[in-house]
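Chemist: When you get a sec, could you give me coordinates for this:
(chains A, B, C and D)
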2 protein chains.
Amino acid sequence: MPAPTRAPADPLHDAKPRRRVGRPAAAVLDQDGITAAALQLIGKSGYDGFTMAALARTLNVAPSALYNHVSSKRDVLVLVQDHLTSFVDVSAFGSGPWDQAVRSWAWSYRDVFSKHTPLIPVIAVLPVTDAPKTLAMYEAVSAGFSHAGFPQERIISAIVALESFIFGSAYDVTAPADIFDSGSMAHSTPNFTAAVKQQDLEGYEKPADVAFNLGLEAMIARFGALRG
Amino acid sequence: MPAPTRAPADPLHDAKPRRRVGRPAAAVLDQDGITAAALQLIGKSGYDGFTMAALARTLNVAPSALYNHVSSKRDVLVLVQDHLTSFVDVSAFGSGPWDQAVRSWAWSYRDVFSKHTPLIPVIAVLPVTDAPKTLAMYEAVSAGFSHAGFPQERIISAIVALESFIFGSAYDVTAPADIFDSGSMAHSTPNFTAAVKQQDLEGYEKPADVAFNLGLEAMIARFGALRG
DNA sequence: CCCACTAAATGAATGTCATTCATTTAGGAT
DNA sequence: ATCCTAAATGAATGACATTCATTTAGTGGG
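Modeler: This is a model prediction of the structure:
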């Protein structure tokens, strides 16, 4: 693959009026600004185009300057993931019934991260201490479960199970439509091929949504029965 | 002491008796050998230590030689993932009851890939055509569902839902034990902190296993009721 | 008021990778 | 014999993330 096309270098419209060496009068960077720029860059160029150099360019800064505010690229990803978590809808845990709250939380959680699957490996092993907004989400969800009469000692397990399903399902959203096309091997996989065909006949609904709904409702139904 | 014309050949420190330039009489590499070496290297050095150069070294070959047999590093990962899939236990779909078969399949699937989470992003978007052993697994599982009286048009959705849960749970296995320690933020997250404490009191069982069991049993119970 | 310290920028390396290319050689097909 | 293709080597290439020396701007203690 050839290198991705870059904006033509037009010295007249050069977006980089060189800052002179040394500490500037007012700080140019901070973590919030870096986070916002990173999110925007990811939106425009995807995770492939998301490099420290590219990030620095959008901030009109030398790449090395970033390291005064974050210690690594992974650090930036953590900032982005925590910011994204604030877009997950936990509002229903304050008002509606438990099952409806879980539903809207889970769907919005999946939708947010299905566009950011490269963050999932980061989230999955990230201590909550390093992600305050994520911690806030857990608090809201835990409170909702607790208030709904869920036994204390199962709350975390239930949330983890739901979250695992949500993360896995987020990947599923990004899968190509014909991922299950068995092609020339179809004759040796009759049961699978038939099942895929039946599914294709079924629906105009997106397969990823159908599967997510199926799994989510199973968990909601079963977990709901645990409440005291 | 007469000067030796060549450096002494020490097989311990000179694991690379240079092959001379040009095509060797017998081919040194093939996809199976590359796959086996990759799996071994990953086992020894993890995914961080898994580089094309390191892989070439274990095969006693120049890195560029690999590209006569695979087209990219991702290609190698696909070979590895497909090979690993053959370790997933689908045997019970031939014999035991449906729910037991799903259980042993799901647990073994999770266990295999919890040691190989960097493959999950690869699997999730990989067309089955490119992974024959994976396709064989789907066939065995589909046949089991079909034979158990599962409605054709829901088989794929159910498998996808289970698989999503399995992948997400595989990540969960790798999470650090204290991932939920809210540290200094504990006072602002009372519900969450209490739930974490209760969970910690509960058990000697690994939290990841408890959560996996909870979610899996929910799906098995609910999906089982769909059978005709 | 000065001076040392620290913070925040630049610009120039560094080192690690995956990947490509030119070249060499072997063996089978024409 | 000659040509073609496959399978090696070894030497680039080009991205990257990250580090380091250097420069400059405020700040706090004497």
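Chemist: CA atoms for contacts and neighbours, from now on please.
Modeler: OK.
Chemist: Tell me which helix or strand A:Thr142 sits in.
Modeler: Quick fix: residue A:142 is Ser, not Thr. helix A:132-147 (DSSP states H and E).
Chemist: Just name whatever secondary elements that helix is in contact with.
Modeler: Here helix A:132-147 touches helix A:73-85, helix A:152-174, helix B:190-202, going by 3 or more CA pairs under 8 Å, 6 or more residues apart in numbering or on different chains; DSSP states H and E.
Chemist: got the angle between the longest one and helix A:132-147?
Modeler: When you say that, I think you mean helix A:152-174. 130 degrees (axes from the mean of the first three to the mean of the last three CA atoms, to 10 degrees).
Chemist: Helix A:152-174 - what's its average pLDDT?
Modeler: Summarised as a single mean, pLDDT over helix A:152-174 is 98.
Chemist: how far is it from where the chain is centred?
Modeler: For helix A:152-174, the separation from the chain centroid amounts to 13 Å (computed by CA atoms, centre = their mean, to the nearest Å).
Chemist: now swap in stretch A:180-189 and tell me
Modeler: Using CA atoms, centre = their mean, the offset of stretch A:180-189 from its chain centre is 32 Å.
Chemist: Is any residue of it near chain B?
Modeler: Yes. Using CA under 8 Å from any CA of the partner chain, stretch A:180-189 comes into contact with chain B via A:180-183, A:185, A:189.
Chemist: show me which of those residues neighbour DNA strand C.
Modeler: Filtering these for proximity to DNA strand C by CA under 7 Å from any atom of the strand leaves nothing.
Chemist: Pull out the buried members of the residues you listed.
Modeler: Burial by neighbour count, 16 or more other CA atoms under 10 Å in any protein chain shown: within those this picks out A:180-182, A:189.
Chemist: Looking at these, spot the one nearest DNA strand D.
Modeler: Closest to DNA strand D out of those is A:Ser182 (26.1 Å), distances taken as CA to the nearest atom of the strand.
Chemist: In three-state terms, label the nearest residue to that closest one once chain neighbours are set aside for me.
Modeler: Closest residue to A:Ser182 apart from its sequence neighbours, by CA to CA, 6 or more residues apart in numbering or on different chains: B:Thr129 at 5.4 Å. At B:Thr129 the chain is in helix, as set by DSSP: H, G, I helix; E, B strand; the rest coil.
Chemist: Can you get me a residue count around B:Thr129?
Modeler: Around B:Thr129 there are 18 other residues, counting by other CA atoms under 10 Å in any protein chain shown.
Chemist: can you pull the contacts of the residue nearest in space to the middle of chain A?
Modeler: By CA atoms, centre = their mean, chain A has its centre lying nearest to A:Phe113, at 2.2 Å. Counting by CA atoms under 8 Å, 6 or more residues apart in numbering or on different chains, A:Phe113 makes contact with A:119-120, A:167, A:170.
Chemist: Stretch A:44-60 near DNA strand C anywhere?
Modeler: Yes. Stretch A:44-60 is in contact with DNA strand C by CA under 7 Å from any atom of the strand, via A:Asn60.
Chemist: Please apply the same query to stretch A:70-80.
Modeler: No. Stretch A:70-80 stays clear of DNA strand C (CA under 7 Å from any atom of the strand), getting no nearer than 9.9 Å.
Chemist: What residues of that stretch count as buried?
Modeler: Here stretch A:70-80 shows A:76-80 as buried, counting by 16+ other CA under 10 Å.
Chemist: Residue numbers of chain A in contact with DNA strand D?
Modeler: So far as CA under 7 Å from any atom of the strand goes, chain A lies against DNA strand D at A:3, A:20-26, A:48-53, A:63-64, A:67, A:71-74.
Chemist: So how do I select the buried members of those in PyMOL?
Modeler: Command for PyMOL that selects the buried part of those, burial taken from 16+ other CA under 10 Å:
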select buried, chain A and resi 50+51+52
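Chemist: Out of the residues of chain A next to DNA strand D, which sit inside strands?
Modeler: Among the residues of chain A next to DNA strand D, no member falls in strands (DSSP state E).
Chemist: Neighbours of the closest residue to A:Ile155 other than its chain neighbours, how many?
Modeler: Nearest residue to A:Ile155 in three dimensions, chain neighbours excluded: B:Ala195, at 6.2 Å (CA to CA, 6+ apart). Neighbour count of B:Ala195, defined by other CA under 10 Å: 23.
Chemist: show me what contacts B:Ala195?
Modeler: A:142, A:152-156.
Chemist: tell me the two of those residues that are most distant?
Modeler: The span of the contacts of B:Ala195, defined through CA to CA, is set by A:Ser142 and A:Glu153 at 11.2 Å.
Chemist: Settle it for me: which of these two has more neighbours?
Modeler: A:Ser142 (27 against 18).
Chemist: hang on, the earlier thing: among the contacts of A:Phe113, which one lies nearest to A:Phe93?
Modeler: Nearest member of the contacts of A:Phe113 to A:Phe93, counting by CA to CA, is A:Phe167, at 20.4 Å.
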